[in-house]
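Visitor: Structure, please.
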Amino acid sequence: MPINFTVVPVEDAEGDSNSAAEAGGNKPVSLGKLFGEKKDEDNLEESNKGEDNHRDSNSFINSDDDGENYYEGKNMALFEEEMDSTPMVASLLNKLANYTNLTQGVREHEEAENEDGVRRVAVMVPQMGTFIGVYLPCMQNILGVILFLRLTWIVGTAGILGSFAIVSMCCICTLLTAISMSAIATNGVVPAGGSYYMISRSLGPEFGGAVGLCFYLGTTFAGSMYILGTIEILLTYIVPTAIVFNEDDGGAMPNNMRVYGTCCLLLMALVVFVGVKYVNKLALVFLACVVLSIMATYAGVIKTLIEPPEFNVCLLGNRSLRNDKFDTCAKLLKNDTGTTELWRAFCNSSHRNATCDEYFELNNLTEMQAIPGLLSGVIKSEKESELPSKVQDPPAEPQNTHSNKPYVINDIATYFTLLVGIYFPSVTGIMAGSNRSGDLRDAQRSIPIGTIMAILTTSFIYISCVVLFGACIEGVVLRDKFGFSVKKNPVIGILAWPSPWVIVIGSFFSCCGAGLQSLTGAPRLLQAIARDGIIPFLQIFTFFLISFYLHILLLFQTLSPSFCLLQVFGHGKTNGEPTWALLLTVGICEIGILFASLDAVAPILSMFFLMCYLFVNLACAVQTLLRTPNWRPRFKFYHWTLSFLGMSLCLSLMFVSSWYYALVAIVIASCIYKYIEYKGAVKEWGDGIRGLSLNAARYALIRLEEVPLHTKNWRPQLLVMCKLDADLAVKHPRLMSFSTQLKAGKGLTIVCSVLEGTYMTRQQAYINLKAAMAAEKMKAFSHVVVSSNLRDGFSLLIQSAGLGGMKHNAVLMAWPAGWKQARDSSARRNFIETVRETTEAQQALLVAKNIDHFPGNQDRLKEGTIDVWWIVHDGGLLMLLPFLLSQHKVWRKCKMRIFTVAQMDDNSIQMKKDLQMFLYHLRLDAEVEVVEMHDSDISAFTYEKTLVMEQRSQMLKQMQLSRTEREREIQSITDVSRGSIKRKKPSAADTPYLNIPSIPEDEVSAVTKRLVVANHDAIAPSLYHSNVRRMHTAVKLNGVVVEKSQNSQLVLLNMPGPPKNKKGDENYMEFLEVLMDGLDRVLLVRGGGREVITIYS
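Guide: Prediction:
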């Protein structure tokens, strides 16, 4: 038995496995395997997180081989060397047949089907050149409904000169935008998304998302405009009897427009949903309609030189009349045999003695030729504008008196700026070529040439039409928007040859095609934005469709896998067809249709397109001025001045067209921008705004370093010293919270930490530091330094943190609470050296005691006070810090109190008045209290504290000696403490420095107390030195502070400096401990040696 085989050529673009799957079309496929592959793809996307897609980072893209031996064996060897430049006629016709005006990626979602519905391999469309791929799509998108339905009316209303100005401005705007777009499009591959992709990759995700959504809204409203144009042509010229509502307002009927527009929208959406391949096949038909209509118009103009068309218009005085309801332009029939239809329209009966309209009686009827022709000289009367301010208005009559009279009445009030807004949509569509860059053989060459040539061609068509319309058609006819004065024909139709129906049918199909293309392109633009993941609320359009199909699969889970696969995925909707985006597009498009007026929708989409073009020009200008290394466009005929001129022209046209629509569009874009900035995903696309920020930061840093900072601009630029625990976690996260409250998001904050060890251990500490900052919602820079010891690391940070003029001027750290219990003195020495280094570097120092007790950013202090103890003046930082804290919501309800100390010789009453006046000039609201501290004898407690401090310091020094010497020294002090100072043997007896456990404070205190009691009289005169006096001050001042501020929310104290003689470092920490004893939240403040607050403005 013979067996027949059919060999089908299959492109091996996806590997043998895919080809095998295609070969077995009816073979059951495992759904687990199918979604497993999907899962693998998702994992791959996760692994590439931070990139848009692999095309952004790859240098090259794969392209299919055209086949260099395609013409081999075609009996055309004589011409085979010229096939590249002069293709065969069959090849040219094939490309014309495969011409499509769809955006890139549309055909990727469409699958060819056999008659039985079984999926087969789709044949790839050949790569297109400049003419087919760019020039024709741009031509079709630019030429459209405004040319056929409104251009004659614009010429008649604005005059030839005014119309020429409108057309010139809009065409120059698009030409400059095309130059900028060509530079961007030739600087790399532009995938699906077109203008959105260009703007987002050039200006960043915030600008890209905002302008992308505006461009999406513009494309959607363009669909509304084309559908309204389609219905206007249908109800006005093709089937005027198909109206549902009987309205007669002199123009297209609004309610009929809404009903038929909604039906047309649903029909077009159904066509797009069923398969955009049908739109693809009709693209050539739509383009042919546009070309034939334009050719018919030019042919009609040429015919007027030979024989002008026989179309007459009837005028009553200077008013044109609708001649679709009468045939004779006269009041009486010939030979006065009777009255005409016009008589019966203006009079209450057909008799000669009837009562007629006053204007009808006072004015004569005249009939004039609608199209005198090029040689008639009518152009002289059409140069000037005929806007309403210059038109002789009819006598004031109620509007309803005209409802039954055949006057041609304009449906809107007209002014120049409105005409600009209505006309501008006719020059949009210049992005059609760049949107299809993946379908082009050489996009770097085709996009600039095709787009600019299309703009020049259409600009010539529009300008020539303006001149020819004004030279051939009477002004009163041009101002008839719907052609009621010429037997209800479109005005451009009566000029066309051979028949007005060429324009009617051509414009009808052109509007239908443009509407279908808008409904096809807008959802894919929205899908491209959603796939980037920069706008969270758009994720539904990317993933909801997959969820929907999963539910369908579960619904049909009882059926065979092959049946499920056929029913769900075999209809051409499996590769990401934007179904839900289409539904949203239809909903927004319906809003435009409810306007029921092409003239009302046109300015809306003009705003969105102009905003998109504005940012295309801005993107090119920014990239050119920054001179980034990646900015290497193949299109060389651009300059940043042209881009700025185009940007300025776009902005001007926005406000010229409609200032309130322009403001609405700007507000919408701004809201989307801020939403993406705060909620959107972080993307790094190497955009120009990033480079602009770097340049601006460099310039600002240089400027800051040139001139010293003025006192009025001083604010704490914090270097926050964070300590890490053994697990490299932040030990005091409330330190970050307090710095946030102090800064309120303003100024510079550097969060840093120091590690001992090698650089390889830094990464985990840096990650933990960033995580702690994120948990505290802190906006700051982070830095981790690895050093051989902590002291060198802290010193390095104080010296070198920051850059240029953006260096820290204050250091914030936590009080080393465990310094007494430490096995060695490193904590004490690190702290004291930090105080010395900040003083030497003229940096302020803030030390927070009990930082873990400070309120967090989520806490709210409902009452309480912030007490400032102003002992010495060191720049006014003590005054400024409470004010900065009160600006934050945590401390907002706390009142500020300022205490100062008066000595015996001071006038406390005058001090209080002077301080109140000083605060008044500083514009600070605070309660003032002067505390008097009289001279008094040094108490025994002070002597005891001093002796305890000195004995403890002496004992700690002895701990560094060898065990024998240490034990001998301790035995000489007292025999009682011998048993309590026993310790473990060291690992090496000859080690000069050992880690010895700390001596309990109560034991040391007991020993010293006995010595004080036994030798008080003998040692009192000798202890009257600096340590005793400092301890006396600390004890006395602490008593006053505890008495006044023990219940306050925060106490700010002047921090005394360490002694200049380093031999007294051991006692410095004791003085500070005594000063803060009995207080919960304390902030020690040490100024940087400069004034930070001023009374001057």
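Visitor: mind listing the helices for the stretch 701-850 of the chain?
Guide: Using DSSP state H, counting those that start in this stretch, the helices found in the stretch 701-850 of the chain span residues 734-743, 762-775, 790-800, 826-840.
Visitor: Could you identify which of those helices is most buried?
Guide: helix 734-743 (a mean of 23; mean count of other C-beta atoms under 10 Å). Bear in mind the C-beta positions are built from the backbone N, C-alpha and C, glycine included.
Visitor: elements contacting that helix?
Guide: If you count contacts as 3 or more C-beta pairs under 8 Å, 6 or more residues apart in numbering; DSSP states H and E, helix 734-743 packs onto strand 718-721, strand 749-756, strand 810-814, helix 877-886.
Visitor: of all these, which lies closest to residue 764?
Guide: In terms of C-beta to C-beta, the element of the helices and strands packed on helix 734-743 nearest to residue 764 is strand 749-756, at 9.7 Å.
Visitor: Pull the residues that contact stretch 1036-1047.
Guide: Contacting residues not belonging to stretch 1036-1047 are listed as 864-865, 867, 869, 871, 897, 899, 901, 929, 931, 933, 936, 1051, 1053, 1074-1079 [C-beta atoms under 8 Å, 6 or more residues apart in numbering].
Visitor: Just the buried ones out of these, please.
Guide: Among those, those scoring as buried are 865, 867, 869, 897, 899, 901, 1051, 1053, 1074, 1075, 1076, 1079 (criterion: 16 or more other C-beta atoms under 10 Å).
Visitor: and the residues you listed, which of them are in strands?
Guide: 865, 867, 869, 897, 899, 901, 1051, 1053 (DSSP state E).
Visitor: and these as a markdown table, adding pLDDT?
Guide: Formatted as a markdown table, these follow (pLDDT from 0 to 100):
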| residue | pLDDT |
| --- | --- |
| 865 | 92 |
| 867 | 93 |
| 869 | 90 |
| 897 | 93 |
| 899 | 91 |
| 901 | 84 |
| 1051 | 93 |
| 1053 | 91 |
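Visitor: Could you dump the residues you listed into CSV and include distance to residue 258?
Guide: Formatted as CSV, these follow (distance: C-beta to C-beta, whole Å):
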residue, distance to residue 258
865, 67
867, 71
869, 75
897, 69
899, 75
901, 82
1051, 72
1053, 75
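Visitor: farthest pair in the residues you listed?
Guide: So for these, where distance means C-beta to C-beta, the most widely separated pair is 865 and 901, at 18.1 Å.
Visitor: which residue is nearest the centroid of the chain?
Guide: Per C-alpha atoms, centre = their mean, the C-alpha nearest to the average position across the chain is that of residue 206, at 1.9 Å.
Visitor: Which residues are in contact with that one?
Guide: 673, 676, 677, 680, 689.
Visitor: farthest-separated two in those residues?
Guide: Greatest spatial distance among these (C-beta to C-beta): 680 and 689, at 14.1 Å.
Visitor: between the ones in strands among the buried ones among the contacts of stretch 1036-1047, which is nearest residue 771?
Guide: Closest to residue 771, out of all of these and judged by C-beta to C-beta, is residue 1051, at 31.6 Å.
Visitor: who touches that closest one in this structure?
Guide: 867, 869, 1041, 1045, 1079, 1081, 1082, 1083.
Visitor: And it, how far from residue 897?
Guide: 10 Å (C-beta to C-beta, to the nearest Å).
Visitor: intersection of neighbour lists for the two?
Guide: 867, 1045.
Visitor: Which helix or strand contains residue 1084?
Guide: According to DSSP states H and E, residue 1084 maps onto strand 1082-1086.
Visitor: Parallel or antiparallel, list what pairs with that strand.
Guide: strand 844-849 (antiparallel), strand 1050-1054 (parallel) (DSSP bridges).
Visitor: Could you figure out how far that strand is turned away from helix 826-840?
Guide: If you take axes from the mean of the first three to the mean of the last three C-alpha atoms, to 10 degrees, strand 1082-1086 sits at 50 degrees to helix 826-840.
Visitor: In strand 1082-1086, which residues are buried?
Guide: Going by 16+ other C-beta under 10 Å, strand 1082-1086 has these buried residues: 1082, 1083, 1084, 1085, 1086.
Visitor: what does that strand rub up against?
Guide: Identification of contacts with strand 1082-1086 by C-beta under 8 Å, 6+ apart yields 815, 835, 838-839, 844-850, 874, 877-878, 881, 1050-1055, 1057, 1072, 1076.
Visitor: what do you get if the cut-off is 7 Å, keeping everything else the same?
Guide: Strand 1082-1086 has contacts (C-beta atoms under 7 Å, 6 or more residues apart in numbering) with 835, 844-849, 874, 877-878, 881, 1050-1055, 1057, 1076.
Visitor: That one to strand 865-870, inter-axis angle?
Guide: Using the same axes, to 10 degrees: strand 1082-1086 against strand 865-870 is 30 degrees.
Visitor: Dump strand 1082-1086 to CSV, keeping only the CA atoms.
Guide: What follows is strand 1082-1086, C-alpha atoms only, in CSV (Å, rounded to 0.1, in the frame of the first residue of the first chain):
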residue,chain,number,x,y,z
VAL,A,1082,20.6,62.2,78.2
LEU,A,1083,22.2,63.8,75.2
LEU,A,1084,25.7,65.2,75.8
VAL,A,1085,26.5,67.9,73.3
ARG,A,1086,29.8,69.3,72.5
